[in-house]
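> I'll drop the sequence and a predicted model, then ask my questions.
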Amino acid sequence: NGAEAISLLQQWLSFKSKLPQVICVDINMPIMNGFEFIEAFEKLKNENKDLENIVLISFLTSSNNSEDREKALAHKNVHYLTKPVDFEDLQNLVLEMVA
């Protein structure tokens, strides 16, 4: 869930662990949904510049709702892919963003 992901990022930051370059979230996650995660992540990122190296946050979701897509894409470095995801499309997106 999103709350566990934020907690994990905070732990990695406190231990100076290697951080991920890519984070994928779903809109519908328990405890903290994808939109709430993005807000918490952006707040954490503003407090810790080490998170600037995370170049992609991607919604992998079954929602084709245009409002969900617009809300997600309003955030910097956020991409939106709908399930089922074609592996080649995901791979190309990741390669483009981390290059």
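All right, it came through fine.
> which residue lies farthest from the center of the protein?
residue 15 (21.1 Å; C-alpha atoms, centre = their mean).
> could you pull up the contacting residues of residue 40?
By C-beta atoms under 8 Å, 6 or more residues apart in numbering, the contact set of residue 40 is 2, 6, 32. Yep, even glycine has a C-beta here, placed from its N, CA and C like the rest.
> my read is that the first one contacts residue 39, right?
No - the pair residue 2 and residue 39 fails to qualify as a contact (C-beta atoms under 8 Å) at a distance of 9.6 Å.
> and residue 54, what pLDDT?
pLDDT recorded at residue 54 is 84.
> before we move on, the earlier item: turn the contacts of residue 40 into TSV, including neighbour count.
Below are the contacts of residue 40 laid out as TSV (neighbours: other C-beta atoms under 10 Å):
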residue	neighbour count
2	21
6	17
32	18
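> in helices, which of those residues appear?
Mapping the contacts of residue 40 onto helices (DSSP state H) picks out 2, 6.
> kind regards, and thank you for your time.
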